[in-house]
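Novice: Kindly return the folded structure for what I paste below:
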Amino acid sequence: MAGVSWHMGTSHRHARVLTENPEDLPLGQRCLMIAGSPVGPPMLPVIYNNHIQIVQTRDYVMILNEMIHDVRVIRLDRSAHLSAAIRQWKGDGIGHWEGDTLVVDTTNFTDQTTLRGSGSMLHVVERFTLSDADTLGYQFTIDDPASFVRSWSAEMVMLKTDGPMFEYACHEGNYSMTSVLRGARLGEKGREGR
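Specialist: Predicted structure coming up:
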């Protein structure tokens, strides 16, 4: 898997958020992170920028995502998660090999990176299996007893690509944040003038 680019299929959902402050906007709209996207975990395809590049060293696996140019670093040299008091947007991912399958176990998420209604107790287990030189199988299981009745899983196939990864220039064209806030301020003026 070292240094190979992969592409996931496409699926996209839109959510409308009313906001008063920049901090109220979703992380993706602020160009920081998109929960439940190619960035992961789990890695779910969106409408564009679905390429990833995986690089492996002895102690780490790095997954570079075209979307937001985000990088996940998965430790292979640790078997226990960080203290539950330490919370991170992408959680604390630790990996190990089961034969030809890389298994990544991730916990310690914040409450800002929810997946389909999950909470900070989200637990994701991902499995990456190279089926052949051009096919990477990806499977994940979601567990969060406080949010879901039972754990659930999904899987997909990623195909090797020689295509380039493009720059994700979110901030340069991110007019949505200023437009959302301007709209809120105009709405306030309209209510005050009544």
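Novice: At which residues are the helices of this protein located?
Specialist: Under the criterion DSSP state H, helices of the chain are mapped to 175-192.
Novice: May I ask which helix or strand of it has the lowest mean pLDDT?
Specialist: strand 4-7 (a mean of 48; mean pLDDT, DSSP states H and E).
Novice: Just give the closest residue to the spatially most central residue of the chain, not the sequence neighbours.
Specialist: Compute the mean C-alpha point of the chain, and by Cα atoms, centre = their mean the closest residue is residue 40, 2.5 Å away. In this structure, residue 40 finds its nearest non-sequential neighbour in residue 72, 6.6 Å apart by Cβ to Cβ, 6 or more residues apart in numbering. Using the backbone N, CA and C atoms, a C-beta is placed for each residue, glycine as well.
Novice: Quick check, residue 52 in contact with residue 62.
Specialist: No. Using Cβ atoms under 8 Å as the test, residue 52 is too far from residue 62 to be in contact (10.2 Å).
Novice: Compare the two (neighbour count), which wins?
Specialist: Set residue 52 next to residue 62 and count neighbours by other Cβ atoms under 10 Å: residue 52 wins out with 26 against 15.
Novice: Please report how far that one lies from residue 94.
Specialist: Distance, residue 52 to residue 94, using Cβ to Cβ, to the nearest Å: 19 Å.
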